[in-house]
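# Provide a 3D model corresponding to the input given below.
(chains A and B)
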Amino acid sequence: MSGTTTVARKRTTRKTLLEPTSRETAEKYQAPRLEIPVTAERDHIEGPVNASLTLVEYGDYQCPYCGAAYPEVKKVQKELGSELRFVFRNFPLTNMHEHAMNAAETAEAASTQGKFWPMHDFLYEHQAALGDPSVALGYAKKLGLDTQRFEREIAQHMYQKRIKDDFMGGVRSGVNGTPTFYVNGVRHDEDAVAKALIEALNHTK
Amino acid sequence: MSPLKTSLMQTGKMRRMRKPENRVAARSRRQQPLKTKKIAKKVDSVLGPGKTAPNFSLNSTPDQKVSLNDFRGQPVILAFYPADWSPVCTDQLSLYAMVMPEFKKFNAELLAISVDNIWSHLAFAKDRKLNFPVLADFEPKGSISKKYGAYKERIGESARALFVIDDKGIIRWSHLSPDGINPGADGILSALENLNKAQSVEKS
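Predicted structure coming up:
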């Protein structure tokens, strides 16, 4: 009996007289939340726009960890089907990855012609070829895009502002590297693997 | 004397006054503070808002030192971090290098601090294209991190702790990240915004 009271008192003493301890921080820890809401007007959304579950990725096309997460996201989509909408936003780490901005611009240029997701997938499936723009151009041709317009928009950096806006929105939401996922609006601090993502999505349903 | 010791002495005293008991109980009471002390040593407790940021002078290159007081008159962000060369694509500091233009909008200076030595820092900063000083809290190891309550004795590394210090050298925001969690830059930016708001209120 007396033991219990002592412990309780000890805790109170520590809390009031000291700064928060790391243990307390961990207990109170709340992952950052997505500051920029998902909108059909602006976002690239795969899956039903009004799906009950939302997975947002801030990614970089040249980042190997994003490349590794790409098939994991596919697994999540397969598992959850029409319950899920998947959103991709740009977070090119241009100081580390020299082709990341160009790749993001490539996907955005394809998006303008209605082919964001095929190009997004293609870029992740051909990460090793990002340094050679003719590879993505060849795919654009195959997709039936107006390649002149496609090339011109990339060369003129038409989408750089949008990409930078994505980046800063990510920073304000607590993106701390790539890929960073948000599960129903909360940063996913666990591993970027299908199992953990599906668990988190179902958990916060 | 530390606030912890003082508080323990006070509570010990209070208990003695309230409960005059047998010797066994008295011994267990005497042992209590020791146990608590042990816990307190393991747990980090970062300096909080309102405290004066302890000054320091640490090497940024083999023959150059950077002092906190050099930056009086502008906000300073201190980022303590565990180690150079963490095996992830973007570590915390590469991200800060990219967000630097935003920090500069607040006229803020960023200083990163870890216990790695200066040669490691130089190679690391070059590799990650860091555009701010990376300081070596190397000798005596971790002494500045300890002053900020941002040192992990057991592993001998700085904790992932962030501080935003105002133009007068007062800590206005601090944050200790749970183990293994990179805090990102959102907390720093919000703290700088709040600092700006508070200062414009003071001026008006």
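
# by contact count, what packs against the helix or strand that contains B:Leu122?
Using DSSP states H and E, B:Leu122 maps to helix B:118-127. Other helices and strands packing on helix B:118-127, by 3 or more C-beta pairs under 8 Å, 6 or more residues apart in numbering or on different chains; DSSP states H and E, are strand B:57-61, strand B:134-136. For every residue, glycine as well, the C-beta is placed using N, CA and C.

# would you turn those strands into TSV with mean neighbour count, distance to A:Asn95 and mean pLDDT?
Converted to TSV, the helices and strands packed on helix B:118-127 look like this (neighbours: other C-beta atoms under 10 Å in any protein chain shown; distance: least, C-beta to C-beta, whole Å; pLDDT from 0 to 100):
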stretch	mean neighbour count	distance to A:Asn95	mean pLDDT
strand B:57-61	17	20	97
strand B:134-136	25	15	98
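
# mind checking which of those strands is nearest A:Thr54?
strand B:134-136 (37.7 Å; C-beta to C-beta).

# For chain B, which segments count as helices?
B:3-18, B:23-42, B:92-105, B:118-127, B:143-147, B:186-203 (DSSP state H).

# And for chain A?
Under DSSP H, chain A gives helices at A:2-17, A:22-28, A:64-80, A:100-112, A:116-125, A:133-142, A:147-155, A:160-172, A:194-203.

# looking at those helices, which is closest to B:Pro49?
Of these, nearest to B:Pro49 by C-beta to C-beta is helix A:22-28, at 14.7 Å.

# what bits of chain B have low per-residue confidence?
B:1-44, B:87-90 (pLDDT under 70).

# tell me the domain ranges of it?
Domain segmentation of chain B under automatic domain parsing yields B:3-42, B:57-203.

# just checking, A:Ala200 touches A:Val183?
Yes. Counting by C-beta atoms under 8 Å, A:Val183 is a contact partner of A:Ala200 at 4.3 Å.

# how long is stretch B:60-74 end to end?
19 Å (C-alpha to C-alpha, to the nearest Å).

# Can you tell me what sits against that stretch?
B:53-59, B:76, B:78, B:107-109, B:111, B:118-119, B:121-122, B:133-136, B:165, B:167-169 (C-beta atoms under 8 Å, 6 or more residues apart in numbering or on different chains).

# do that again at 7 Å, thanks
Contact with stretch B:60-74 is made by B:53, B:55-59, B:76, B:107-109, B:111, B:118, B:122, B:133-135, B:167, B:169, as judged by C-beta atoms under 7 Å, 6 or more residues apart in numbering or on different chains.

# which of the residues in that stretch are buried?
B:60, B:66, B:68, B:71 (16 or more other C-beta atoms under 10 Å in any protein chain shown).

# Then stretch A:143-162?
A:143, A:145, A:150-151, A:153-154, A:159-160, A:162.

# coming back round to it: ok, A:Ala200 and A:Val183, which is more surrounded?
Under the criterion of other C-beta atoms under 10 Å in any protein chain shown, the comparison of A:Ala200 against A:Val183 puts A:Val183 first, with 24 against 21.

# list the contacts for the more buried one?
A:55, A:197, A:200-201, A:204.

# Return the closest of those with respect to chain B.
Nearest to chain B out of the contacts of A:Val183 is A:Ala200 (C-beta to the nearest C-beta; 15.2 Å).
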